[in-house]
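Participant: Can you look at this prediction? I've put the sequence above it.
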Amino acid sequence: MALNRLREACDVDLYTGAAAMPREDLAARIEDKQGIVCLLTDRVDRDIIDRAPALRVIANVAVGYDNVDATYARERGIAVTNTPDVLTEAVAEFTWGLILALTRRIGEGERLLRRGEWRGWALDFMLGMELSGKRLGIVGAGRIGQAVARRAPAFGMHVVYTGRARQSDARPPMPEGSRRVSFDEVLVTSDVMSLHIPLTPETRHLMDQRAFARMKRTAYLVNTARGPIVDEAALAWALDERLIAGAALDVYEREPAVEPVLLQRENVVLAPHLGSATRETRTAMSDLAVDNVLAVLSGRPPLTPVT
């Protein structure tokens, strides 16, 4: 167990609250610490870092690290690490779960059945969209974007993507026949558009009213990346105006709050940030974060430093 390994080498101050650690609690507890293992719900900004003069490593249990001021930490000589690779397959699998639930109206159908409103089979009842022959647009061709794309041929989908697909393992980064195109072409031509980019000042509200207006009216949006990439008010507007067919979200702009309009829409699939939520993956993420802390505190380079 990761925590046991950490306790064997360090004195551990463990926060056991159900919600995110209150900011003042975090600031007080970090003052004499050399390392911190934090979650994406912990905001480790300049002020928090300044409260910890002995800090040597910040190990974020996530791939994205928008909750950490990594630039300032590095200026202070503090290593910042994340947990790439170990959650790639889990998030890719979950993304396809959302795609299927959305395009085939699975959640909507289950809710209707549980309400006792199903009246039996009918030729035109709850018609969805087939994936075969359709175009999947990947925004962000990193590890997770590539893993999602590699599954597309199993469903007969053609792939277009934005961003440079870097070779990360022995497998080809994208399926044969995939094309790298502009972001605008992904917007205009995709039948399903899936977001796999980090949250940065440039990507915040990337999906705004203008972006939604460029999409096909039969298209679906899926977001398993970071919530603020999508302007939720703009998404609600696009759905109300029938500019897109639906959306599936696992992450939210103001987690755990969700835009109220989205909660009322049957053509929106909503999940509570479950992308990496498998026992295998969360264990691997914890192990990697602990390995990074132990490496730095023993004078070795971190395994997965944020660059």
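Facilitator: Arrived safely. Residues are numbered from 1 along each chain as shown.

Participant: contacts, neighbours, all on C-alpha from now
Facilitator: Fine.

Participant: domain ranges for the protein?
Facilitator: Following automatic domain parsing, one gets these domains for the chain: 2-85+278-297, 88-270.

Participant: And the ones you listed: which comes nearest residue 303?
Facilitator: Closest approach to residue 303 among these is made by domain 2-85+278-297 (5.6 Å; C-alpha to C-alpha).

Participant: coming back round to it: of the domains of the chain, which approaches residue 307 most closely?
Facilitator: Once these are compared by C-alpha to C-alpha, domain 2-85+278-297 is nearest, at 8.5 Å.

Participant: So for the closest one, first residue to last residue, what's the gap.
Facilitator: 16 Å (C-alpha to C-alpha, to the nearest Å).

Participant: before we move on, what about stretch 16-34?
Facilitator: 20 Å.

Participant: Report the buried residues of it.
Facilitator: 21, 26-27, 29-31, 33-34 (16 or more other C-alpha atoms under 10 Å).

Participant: If you count residues, where's the longest helix of the protein?
Facilitator: Taking DSSP state H as the criterion, the chain has its longest helix at helix 279-297.

Participant: Mind checking the pLDDT average for that helix?
Facilitator: Averaged across helix 279-297, pLDDT comes to 97.

Participant: and what of stretch 180-199?
Facilitator: Mean predicted lDDT for stretch 180-199 stands at 97.

Participant: And for stretch 57-73?
Facilitator: 97.

Participant: coming back round to it: figure out which of the domains of the chain is closest to residue 304.
Facilitator: domain 2-85+278-297 (5.5 Å).

Participant: Just the strands from the stretch 151-300 of the chain, written as ranges.
Facilitator: 158-162, 179-180, 192-195, 220-223, 246-249, 268-270 (DSSP state E, counting those that start in this stretch).

Participant: what helices or strands is the second one leaning on?
Facilitator: Packed against strand 179-180, as judged by 3 or more C-alpha pairs under 8 Å, 6 or more residues apart in numbering; DSSP states H and E, are the following elements: strand 158-162.

Participant: Give the partner strands of the strand it packs on in its sheet and their orientations.
Facilitator: Neighbouring strands of strand 158-162 in its sheet, by DSSP bridges, are strand 135-139 (parallel), strand 179-180 (parallel).

Participant: Spit out the contact partners of residue 252.
Facilitator: Residue 252 makes contacts with 226-228, 230, 232, 258, as judged by C-alpha atoms under 8 Å, 6 or more residues apart in numbering.

Participant: quick one on the thing from earlier: list the contacts of the longest helix of the chain.
Facilitator: 1-3, 5-6, 9, 34-37, 56-62, 79, 81-83, 86-87, 90, 276, 301-304.

Participant: Now which of these would you call buried?
Facilitator: 6, 34-37, 56-62, 79, 81-83, 86-87, 90, 276, 302-304.

Participant: Since that was my last question, I'll sign off now.
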